[in-house]
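# show me the folded form of this:
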Amino acid sequence: MRWRLHIGVWIVLASLAFFSCTVSRTSIVNKKYPAKKLKQDYKLFQGALEESHPGLYWFTPKTEIDKVFANGYADIKDSMTERQFRTLLLKVITPIRCGHTSVSYSRRYSRYLDTAGLKLFPLAFKVWKDTLAVTANLNRHDSILKR
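Sure, this is the predicted structure:
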């Protein structure tokens, strides 16, 4: 009789562990961060760029970059997911026109993307006015489109 109770407890614990892992995977995608926190992070992001980026104004005048920073900050009106916030930051860094400046997801979100099995467009590329270059191809055996 006692062994049945032990088996029952182990089954319940294993089920809880399994379902809690499943919930946490999807919750990272849907987790919304409050606007106040996002605004703090945005100001930190802007300050880091203004303080440390060597070519912040090389291709775009300071007045235009300042306007982009102000517009990005104003676009934080409500809570956002990590993906929404990253999209906003990407819009802000685009006018800098520096191929070395990028915005990454958090490690936790990146780990989720690596294991989620999402359908992704297989090519990453860089576009100029008259040129398109493939910078990555998820299909490593592709003989037509190479980096």
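
# give me the residues contacting stretch 103-121.
25, 28-29, 82-83, 86, 89-90, 93, 138 (CB atoms under 8 Å, 6 or more residues apart in numbering). Every residue, glycine included, has its C-beta placed from N, CA and C.

# tell me the contacts of Phe59?
96-98.

# can I get those in CSV including distance to Ala124?
Putting those into CSV (distance: CB to CB, whole Å) gives the following:
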residue, distance to Ala124
Ile96, 19
Arg97, 18
Cys98, 17
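
# one step back: which of the contacts of stretch 103-121 fall in helices?
Per DSSP state H, helices hold the following members of the contacts of stretch 103-121: 25, 28-29, 82-83, 86, 89-90, 93.

# domain-wise, how is the protein divided?
Domain assignment for the chain by automatic domain parsing gives 1-30, 31-116, 119-147.

# and among those, the most buried is which?
Mean neighbours per residue, mean count of other CB atoms under 10 Å, is largest over the domains of the chain for domain 31-116, with a mean of 14.
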